[in-house]
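Enquirer: sharing a model prediction with you, sequence too.
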Amino acid sequence: MPYYVFRITQPTQLIKNLDFQQAFENYKAARELTRELRAQQAADDKATYKLVFAANQLEAEEHLQEHREKPILMEWEK
């Protein structure tokens, strides 16, 4: 399964815009590109870069679009 790199912008809390960057067969190359893109990012740019491991691009986009609940913090973690 390949690794997919996406640029994510979130204009509102409910909407995520996914911009596919590139696909890789090995993790190391995908990680290097993701780190390079993050390093080149302007200070005022609110976009995030994510690396996703999935069977195909559609599955990767679905994983990124999923709404994940915040983890419950225990009293001692606050």
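Expert: Looks like it arrived, so ask away. Numbers count the residues shown, from 1 in each chain.
Enquirer: mind naming the longest helix for this structure?
Expert: Ordering each helix of the chain by length in residues (DSSP state H) puts helix 27-40 first.
Enquirer: buried residues, it. List them.
Expert: 30, 33-34, 37 (16 or more other Cβ atoms under 10 Å). For glycine as for every other residue, the C-beta is placed from the backbone atoms N, C-alpha and C.
Enquirer: and the contacts of it?
Expert: The list of residues contacting helix 27-40 from outside it, by Cβ atoms under 8 Å, 6 or more residues apart in numbering, reads 3-5, 7, 21-22, 24, 49-51, 53.
Enquirer: 6 Å - rerun?
Expert: 3, 5, 24, 49, 51 (Cβ atoms under 6 Å, 6 or more residues apart in numbering).
Enquirer: wait, doesn't the second one sit right on residue 20?
Expert: No: checked against Cβ atoms under 6 Å, the pair residue 5 and residue 20 is beyond contact range at 7.8 Å.
Enquirer: hang on, the earlier thing: what is the helix or strand following the longest helix of the chain packed up against?
Expert: Counting by DSSP states H and E, the next helix or strand C-terminal to helix 27-40 is strand 48-53. Strand 48-53 sits against strand 3-9, helix 27-40, with contacts defined as 3 or more Cβ pairs under 6 Å, 6 or more residues apart in numbering; DSSP states H and E.
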